[in-house]
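# below: sequence and its predicted model.
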Amino acid sequence: MSTDTIEPATTAQPDTAGTSTVGRIREVLAGWDSVIIAITVVVLVVASVTNPDFGSSRNFAFLVLDLAPIFLIALPMTFIIITGEIDLSVASVLGLSGAAMGWMWNNGFAIEAIIPMCILLGCLLGALNGFLVARLGLPSLAVTIGTLALFRGLAFVLLGDQAVSNFPRAYTSWVTGTVGGTVIPNLALPLVVAAVVFAVILQATPLGRDIYATGASDTAARFAGIDGARLKFWLYVVCGAVAALAGVLWSLRYSSARADNGSGLELAVVAAVLLGGVSIFGGKGRLAGVLAAVVLLATLQNALRLEDISNEALTIVTGVLLIVAVLLPNLLKTVRTSAQRRKLKNAP
């Protein structure tokens, strides 16, 4: 695990308040968050200029709908990766939630009961991951690869190749609709609220500081009185619940519950989190960069689809960005370390 942490609530105190403010502004502007946000703005502008269809209100709504599942799942995934763990089963949780939704709808359950039951199912699936990782101490990569296959298999047991549709129009119309006839999708406000809640928790609460401390050094956190195992367990539960909610929204958006819903989505989620500046080794990262990376990935995929680029090419783009997300921070760290060593060597 990395010993390099970002702890917003415990920065060093400079000599003057003015210097403190200027220093913080410089830190933010020089951070990876700002780089990703700037790149995202540039890509949005270029896409709008090169393809008139990209800037249309209809395409904007599609863009929000496309990024919604990744956006939602990336929130708890950021917390998990900061603690030094990972969850590769999220797309399978999404698929199993959708399959359970379809199965229950076929068997006469009311939609008002189906949705909370799917979220409860996500909590149970997340609890299984949390128990194996946090309580038994098994490696999260191996555990969640295993549950990825397990949950997807269970989804096919429930529905097979069947697609369940004809969900209540009031629900499907709300998910795909806009606010009061404007260009703003109905899902936009809940996504913003969720982002604010998760950001405040991570950056401005004791829980957020515990998450950073656990990722920086599990042993040191334990000596500081932080129950890292309990923390990780509940983060997996939350991640499962959010992934299940994303599965419900996915099924309602397409009015189709299938066992293979969301296949491969975990790659996009992990790519967004790492590209947003969260260290794969834990203890470092901010949510602003992650959310900008989600928008960046969704924009690139949307723009490529408008150019009739194949899904295979989109997968390649996601894979390349995932590799870049892992390599680039380490490369930049190596460059900074080398520069500091040369500076010290040349110092009088």
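Cool, the structure landed. Residues are numbered from 1 along each chain as shown.

# make sure residue 226 is indeed in a helix.
No - under DSSP: H, G, I helix; E, B strand; the rest coil, residue 226 sits outside any helix and is assigned coil.

# so what's it closest to, chain neighbours aside?
Spatial nearest neighbour of residue 226, excluding adjacent residues (C-beta to C-beta, 6 or more residues apart in numbering): residue 210 at 4.9 Å. Just so you know, the C-beta spots here come from the backbone N, C-alpha and C atoms, and that holds for glycine as well.

# contact partners for the one you found?
Shown in contact with residue 210 (C-beta atoms under 8 Å, 6 or more residues apart in numbering): 221, 226, 231.

# helix, strand, or coil at the last one?
Residue 231 carries the three-state label helix when classified by three-state DSSP.

# check the offset of stretch 57-76 from the chain's centre.
With C-alpha atoms, centre = their mean, to the nearest Å as the basis, stretch 57-76 stands 11 Å off its chain's centre.

# my guess is residue 162 contacts residue 102, does it?
Yes - with contact defined as C-beta atoms under 8 Å, residue 162 reaches residue 102; the gap is 7.4 Å.

# what touches both of the two?
With C-beta under 8 Å, 6+ apart, residue 162 and residue 102 have common neighbours residue 258.

# quick one: which of these two has more around it?
residue 102 (25 against 14; other C-beta atoms under 10 Å).

# am I right that the more buried one is in contact with residue 258?
Yes - between residue 102 and residue 258 there is a contact at 7.4 Å, judged by C-beta under 8 Å.

# what sits in contact with each of these two?
159, 162, 163, 164.

# ok, so of those residues, who is nearest residue 318?
Residue 318 has its nearest neighbour among these in residue 163, at 24.9 Å by C-beta to C-beta.

# residues in contact with the closest one?
Residue 163 neighbours (C-beta under 8 Å, 6+ apart): 102, 256, 257, 258.

# could you do residue 105 as well?
111, 114, 164, 167, 257.

# inside helices: which ones of those?
Among the contacts of residue 105, the ones falling in helices (DSSP state H) are 111, 114.

# narrow the contacts of residue 105 to those that are buried.
Buried members of the contacts of residue 105, scored by 16 or more other C-beta atoms under 10 Å, are 114, 164, 167, 257.

# which of the residues you listed sit farthest apart?
Using C-beta to C-beta, the two most remote members of those are 114 and 164, lying 11.0 Å apart.

# any common contacting residues for these two?
Common neighbours of residue 114 and residue 164, using C-beta under 8 Å, 6+ apart, are 101, 105.

# flag every buried residue along the lengthiest helix in the chain.
With DSSP H setting the assignment, residue counts place helix 311-346 as the longest helix in the chain. By neighbour count on 16+ other C-beta under 10 Å, the buried set for helix 311-346 is 314, 318, 321, 322, 325, 326, 328, 329.

# residue 273: which of those is nearest?
Of all the buried residues of helix 311-346, residue 273 sits closest to residue 325, with 8.1 Å by C-beta to C-beta.

# so the closest one makes contact with residue 274?
Yes - using C-beta under 8 Å, residue 325 is in contact with residue 274, at 3.6 Å.

# ignoring the adjacent residues along the chain, who's closest to residue 82?
Residue 82's closest residue in space is residue 215 (C-beta to C-beta, 6+ apart), at 4.6 Å.

# the one you found: which element?
helix 206-216 (DSSP states H and E).

# centre of the chain to that helix, how far?
18 Å.

# and stretch 185-200, by the same measure?
13 Å.

# cool, and stretch 242-261?
Averaged C-alpha coordinates place stretch 242-261 at 16 Å from its chain's average position (C-alpha atoms, centre = their mean).

# follow-up on the earlier one: check what pLDDT the residue nearest to residue 82 gets.
At residue 215, the model reports a pLDDT of 93.

# try residue 223
90.

# pull the number of nearby residues for it.
8.
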